[in-house]
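> Predicted model follows, preceded by the sequence.
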Amino acid sequence: KVSLIVGCLIDDIQSFERLLPSLDANSDYINEIICVISGIDSTNDTKRVDNLNNLSISRLVILKFNHVLLPGAARNVGIAKSNNDFVAFIDVNTTPNPKWLSTSLSIIKERNLQGLLGKTTYLSSTIFQRCFIAATYGFKPISTVPGTVASKSLIRSVGFFIPSVRAGEDAEWIDRAVHFENSAIHSK
């Protein structure tokens, strides 16, 4: 079983609600969904978060923060609160492959790995986005933290995510992880 960790700013709650149905195909492997919601600064925001409890998802754990948590800090909080030996990461604006988790866990077991990096393909809906993707990530899948499945023991050994960096903490963690103990984590 896996603890799925999702960091979410209050303004992205609707994206989180849209993400949940895309996880159904992986529900046999997800023991808990830990959503770390930050930036809650009003009564209206609190009501929006409390409405998530009406979704009737028994495995949903909501962690609320008034201040904004940067991505690394949100992931670290989720890892600390998780109750399973393995954690997985998804971003609120990511649409996972329906067999993502079962495939990842199968590869981890077959190859006796401690973790497997996610693969993300960036899509565009505007000409500007297409140009931006072409100039940065490209259109081929790249190794990313979203989609990653890792043992908590690997994370403790490699180290947690840098909590105080707005961007790049994921790439820095991947770099540490792939160079740790002869690549204890692999990409697909």
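It's in.
> count of neighbours near residue 131?
When counting by other Cβ atoms under 10 Å, one arrives at 11 neighbours for residue 131. Yep, even glycine has a C-beta here, placed from its N, CA and C like the rest.
> May I have the secondary structure class of it?
State at residue 131, reduced to three classes by DSSP: H, G, I helix; E, B strand; the rest coil: helix.
> How about residue 86: what's its closest non-neighbour residue?
residue 2 (4.7 Å; Cβ to Cβ, 6 or more residues apart in numbering).
> Beta-bridge partners for that neighbour, please?
Taking DSSP bridges as the rule, residue 2 bridges to residue 30, residue 86.
> tell me the SS of residue 36?
Looking at residue 36 with three-state DSSP, the answer is strand.
> one step back: how about the residue nearest to residue 86, what does it touch?
Neighbouring residues of residue 2 by Cβ atoms under 8 Å, 6 or more residues apart in numbering: 29, 30, 31, 84, 86, 87, 88, 101, 105, 149.
> Okay, it and residue 54: tell me how far apart.
25 Å (Cβ to Cβ, to the nearest Å).
> What about residue 127, how many residues nearby?
By other Cβ under 10 Å, neighbour count at residue 127 equals 8.
> Please apply the same query to residue 4.
Residue 4, neighbours per other Cβ under 10 Å, totals 28.
> This completes my enquiry, with thanks.
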